[in-house]
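Asks: Please find the sequence and the predicted model below.
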Amino acid sequence: MNLVFHLWEKVRAGWAHAASAYRPVISLARIVDFQKRYIGDIFYHMPRFEWPATLAIWLAVTYLVWRRNRPVLRFCWIYILVTPLPIEFLEGRDQACLYVCLAGWAVLAATLFTDCLPGATRILIAEPLFRRLRPRHARAVLAAACMVLWALGNLRFEQTEIAPAIPYLGGETTAVLAEFRAANPHVPPGAKVIFLDDPWPGRSLIRHSSPSCGSATARRGFCSTR
């Protein structure tokens, strides 16, 4: 118990010296904020779901997973809960930070789809319009329809969320990189870099000012300090 306590204190001491964007905050508010971002991103709803929709989706997924004894589904359920833990208590983590979680969601969705496909096939061929379809053809039609819907959802997400942001983010990043190369900073080992003018406000960098920085480095928006 003493060993665990001392290790925990050491980890907490490291957090205290980290920048706020990399300092975990273990609280219910941070969990709720992350889950709204997490589920919103997984289901292509930007920037997030509100908490009632987030809770409803988690309840539906949990019911579908645990209603039958399917080890693969239960493993995926645990996976999509556990893998976000390293970033769940950090500020504003979503989108590209969730790539590890996607493997669990992909296997879970594929397993649920294949489990539901036989029942959906029986319903389809029972309809007068599709009665002449053989079961394998009906399964192919359903699979193709779902893939088309998924592709259209991806296309809509790309056109409405990604495409408008790329010119802004790309140009801004290019300008910042060019500024760094022009300044050609040489930071000593163990030094801290302070950004006086955050090129990406509201993201991971922190706006800060320091009277110890010279005017030349201040104009470029950063300085190094021990």
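Replies: Arrived safely. Numbering: from 1, shown residues only.
Asks: And for stretch 62-79, what's in contact with it?
Replies: With contact meaning CB atoms under 8 Å, 6 or more residues apart in numbering, stretch 62-79 is reached by V61, C101, A103, G104, W105, V107, L108, T111, L112, D115. Heads up, the C-betas are built off the backbone N, CA and C, glycines and all.
Asks: Quick one: mean pLDDT for that stretch?
Replies: Stretch 62-79 comes out with an average pLDDT of 93.
Asks: Can you show me the helices along this protein?
Replies: Remark: helices assigned in the chain by DSSP state H are 2-16, 28-42, 51-66, 71-82, 85-88, 99-125, 135-157, 165-183, 215-220.
Asks: Low-confidence bits of this structure, can you list those?
Replies: 1-19, 46, 169, 198-226 (pLDDT under 70).
Asks: Now do the domain split for it, please.
Replies: By the assignment in automatic domain parsing, the chain contains the domains 16-165, 182-225.
Asks: which one of those has the most crowded surroundings?
Replies: Greatest average neighbour count among the domains of the chain goes to domain 16-165 (a mean of 14), per mean count of other CB atoms under 10 Å.
Asks: Might you calculate how far that domain sits from the centre of the chain?
Replies: Between the centre of domain 16-165 and the centre of its chain there are 12 Å (CA atoms, centre = their mean, to the nearest Å).
Asks: coming back round to it: now the domains of the chain in CSV, with distance to T174?
Replies: Listed next are those as CSV, based on distance: least, CB to CB, whole Å:
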stretch, distance to T174
domain 16-165, 14
domain 182-225, 11
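Asks: Please identify which of the helices of the chain is closest to I194.
Replies: Of all the helices of the chain, it is helix 215-220 that lies closest to I194, at 9.4 Å by CB to CB.
Asks: separation between the residue lying farthest from the centre of the chain and L124?
Replies: For the chain, the largest distance from the centre (CA atoms, centre = their mean) belongs to R132, which lies 44.5 Å off. R132 sits 12 Å away from L124 when distances are taken as CB to CB, to the nearest Å.
Asks: Which residues are in contact with F43?
Replies: Contacts of F43 by CB under 8 Å, 6+ apart are F49, I57.
Asks: swap in the one 5 residues further on?
Replies: For R48, the contacting residues are K36, R37, I39, G40, D41, D94, taking CB under 8 Å, 6+ apart as the criterion.
Asks: what do you get if the cut-off is 7 Å, keeping everything else the same?
Replies: K36, R37, G40 (CB atoms under 7 Å, 6 or more residues apart in numbering).
Asks: Excluding residues flanking it in the chain, which one is nearest the first one?
Replies: I take that to be K36. Using CB to CB, 6 or more residues apart in numbering and skipping the chain neighbours, the partner closest in space to K36 is R48 (4.2 Å).
Asks: And the second one, by the same measure?
Replies: Setting aside the residues directly before and after it, R37 is nearest to D94 in space (CB to CB, 6+ apart), at 3.8 Å.
Asks: quick one, phi psi at the one you found?
Replies: D94 has phi and psi values of phi -160, psi -170 when expressed as degrees, to the nearest 10.
Asks: quick one: it and N184, what's the gap?
Replies: On the measure of CB to CB, D94 and N184 end up 34 Å apart.
Asks: And for A163?
Replies: Where N184 is concerned, A163 sits at a distance of 34 Å (CB to CB).
Asks: One more: P71?
Replies: 56 Å.
Asks: sorry, back to before: from I194, how far off is the residue farthest from the centre of the chain?
Replies: 72 Å.
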